[in-house]
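S.K.: Return atomic coordinates for the entry below.
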Amino acid sequence: MPGYKHLYIPGPTNIPEEVRMAMNVPMEDMRAPDFPDFTKPIFEKVAKIFRNTTGQVFIYPSSGTGAWEAAIQNTLNPGDKVLMSRFGQFSHLWVDMAQRFGLDVDVIDCEWGEGVPVEKYAEKLKADVSKEYAAVFATHNETATGVNSDIKGVRAALDAADHPALLMVDGVSSIGSTEFDQDAWGVDCAVSGSQKGFMLPAGLGILSVSTSALKAHRNARFNRTFFAFEDMIATNTAGYFPYTPATQLLRGLDVACDLLLEEGLENVWARHHRLATGVRKAVDAWGLRLCAKEPKWHSDTVSAIIVPENIDARDIISRAYHTYNTSLGTGLSKVMGKVFRIGHLGWLNEGMVGTALTAAEMAMIDCGIQIEPGSGVGAAVSHFTETAAVPAAEAA
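M.R.: Got it, this is the predicted structure:
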């Protein structure tokens, strides 16, 4: 089929040409004497994306799941009691990992479409007068359901209870795209991956930790090798790694961070919110609804769109792919067949969002959903034109 194959899943995301070309280099010596000249600034740039000024960043050749594992292994102990919530496939998988590690998991199950239950967290933390919880886990952006949660609220609950538990945050599909401030929010372990807001292929697990997490690491007794902080610290300090790093991905990460920092993080966050609002206006115009139950849960990186009960969302995804050369995200686990997802994060602009909405509209109409052709696209266009910034040349 002629033309581009369009990618609108919530990760991996589209890769900027500058990033792709930065990775198109010959293999290099990761033990070369000048290698630290390249790597040390990367750690500094990544820390700026997380807004971490006092802790440390670890970059593993893994997925975000590896960074989840690293956070647990390096800061907690077998049998530690932790507070978690489950409201989508990825928060479920984090709970499952914690249980497999032998943590004593107090899990709050929520309806899929809701987010972290901050009020229930506050109640449990206040009731934990003996301070048994060693950590509180929160999935910032649940990719499966398009739900964003209030991490500042979780920190406020910890502070109100004067609780010393570490705050662990899964920011895989939020960091680098939506507001995140590790220092201001008191996040101790912030997890991300390369294939979403960092605009790279999958393959890097990124973990940013606070000084409190580094202190907890001194007493952490989990057996660990690949993800051991101590090995990374010993070598990262000099600009090297304890094993072969993914050098080409690091080349891309360097440029991706430059792009984000040059745009300005606040501008990146505002761009994602504006584009996501356009998608939400399209969903309203179609007469459909999001999996996210309330506006406070709306994600600015992915929208999970509920289809009518007589429609299988997998048919829409298949039609978009085979007929319109467009990849949309499938529903996972409990919402499989009930939703399709549009990823609107990373290297993205209005025209790209318009393409995703156009393909989704055509696929839905082909699959029998009664929507007015152009209705969703038109609603997004109206939003984008009404909120467009005036180019500097015109303003002058």
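S.K.: Give me the residue at the spatial middle of the protein.
M.R.: residue 173 (1.2 Å; Cα atoms, centre = their mean).
S.K.: Quick one: mean pLDDT over the helix of greatest length in the chain.
M.R.: With DSSP state H setting the assignment, residue counts place helix 265-286 as the longest helix in the chain. The pLDDT scores in helix 265-286 average 98.
S.K.: Beyond it, next helix or strand please.
M.R.: Counting by DSSP states H and E, the next helix or strand C-terminal to helix 265-286 is strand 289-290.
S.K.: Check what contacts that following strand and list those residues.
M.R.: 146, 280, 283, 298, 303, 304, 305, 306 (Cβ atoms under 8 Å, 6 or more residues apart in numbering). All C-beta spots, glycine's among them, are computed from the backbone N, C-alpha and C.
S.K.: With stretch 377-384 instead?
M.R.: Stretch 377-384 is contacted from outside by 274, 277-279, 281-282, 284-285, 350, 353-354, 357-358, 361, using Cβ under 8 Å, 6+ apart.
S.K.: If we use 7 Å, what do you get?
M.R.: Stretch 377-384 has contacts (Cβ atoms under 7 Å, 6 or more residues apart in numbering) with 277-279, 281-282, 284-285, 350, 353-354, 357-358, 361.
S.K.: now do stretch 36-44
M.R.: Contacts of stretch 36-44 (Cβ under 7 Å, 6+ apart): 57, 236, 238, 239, 240, 250, 253, 254, 257.
S.K.: now do 10 Å
M.R.: Contacts of stretch 36-44 with the rest of the structure, by Cβ atoms under 10 Å, 6 or more residues apart in numbering, involve 28, 30, 32, 56-59, 208, 236-241, 245, 247, 250-251, 253-254, 257-258.
S.K.: Give me the ChimeraX select line for those residues, limited to the buried ones.
M.R.: A single ChimeraX command is used to select the members of those judged buried by 16 or more other Cβ atoms under 10 Å:
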select :30,56,57,58,59,208,236,239,240,241,245,247,250,251,253,254,257
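S.K.: among the contacts of stretch 36-44, which are in strands?
M.R.: Of the contacts of stretch 36-44, the ones assigned to strands by DSSP state E are 56, 57, 58, 59, 208.
S.K.: and the two most separated of those residues?
M.R.: The distance between the two most remote of the ones in strands among the contacts of stretch 36-44 (Cβ to Cβ) is 10.6 Å, for 56 and 59.
S.K.: overlap in contacts of these two?
M.R.: Counting by Cβ under 10 Å, 6+ apart, the residues touching both residue 56 and residue 59 are 43, 207, 208, 232, 236.
S.K.: Tell me the one among those nearest to residue 323.
M.R.: residue 207 (40.6 Å).
S.K.: what's the neighbour count on that closest one?
M.R.: Counted with other Cβ atoms under 10 Å, residues neighbouring residue 207 total 28.
S.K.: which non-adjacent residue is nearest it?
M.R.: Of all residues not flanking residue 207 in the chain, residue 67 sits nearest, at 4.2 Å (Cβ to Cβ, 6 or more residues apart in numbering).
S.K.: Contact partners for the one you found?
M.R.: Taking Cβ under 10 Å, 6+ apart as the criterion, residue 67 is in contact with 58-60, 170-172, 189-193, 204-208, 227.
S.K.: Quick check: mean pLDDT of the helix or strand where it lies?
M.R.: According to DSSP H and E, residue 67 maps onto helix 64-75. Mean per-residue pLDDT for helix 64-75: 97.
S.K.: ok and it relative to strand 56-60, angle-wise?
M.R.: Counting by axes from the mean of the first three to the mean of the last three Cα atoms, to 10 degrees, helix 64-75 points 130 degrees away from the direction of strand 56-60.
S.K.: What's the first helix or strand after helix 64-75?
M.R.: Immediately after helix 64-75, counting by DSSP H and E, sits strand 81-86.
S.K.: Packing partners of that following strand?
M.R.: Strand 81-86 sits against helix 89-100, strand 104-109, helix 118-127, strand 133-139, helix 151-160, strand 166-170, with contacts defined as 3 or more Cβ pairs under 10 Å, 6 or more residues apart in numbering; DSSP states H and E.
S.K.: Look up how far residue 189 lies from the residue nearest to residue 207.
M.R.: Here residue 67 is placed at a distance of 9 Å from residue 189 (Cβ to Cβ, to the nearest Å).
S.K.: who touches both of the two?
M.R.: In contact with both residue 67 and residue 189: 58, 170, 171, 207, 208, using Cβ under 10 Å, 6+ apart.
S.K.: Dig out what the closest residue to the first one other than its chain neighbours forms beta bridges with.
M.R.: Closest residue to residue 58 apart from its sequence neighbours, by Cβ to Cβ, 6+ apart: residue 207 at 4.6 Å. Residue 207 has the following beta-bridge partners by DSSP bridges: residue 58, residue 191.
S.K.: Any regions of the chain where pLDDT drops low?
M.R.: 390-396 (pLDDT under 70).
S.K.: Could you rerun that using 50?
M.R.: Across the chain, residues meeting the criterion (pLDDT under 50) sit at 395-396.
S.K.: that older thread, just the helices and strands packed on strand 81-86: most buried one?
M.R.: Most buried of those, by mean neighbour count (mean count of other Cβ atoms under 10 Å): strand 166-170, with a mean of 27.
S.K.: Can you tell me which helices and strands the following helix or strand past it packs against?
M.R.: Later in the chain than strand 166-170, the nearest helix or strand by DSSP H and E is helix 182-185. If contacts are counted by 3+ Cβ pairs under 10 Å, 6+ apart, helix 182-185 sits against helix 35-50, helix 151-160, strand 166-170.
S.K.: Alright, I will stop here.
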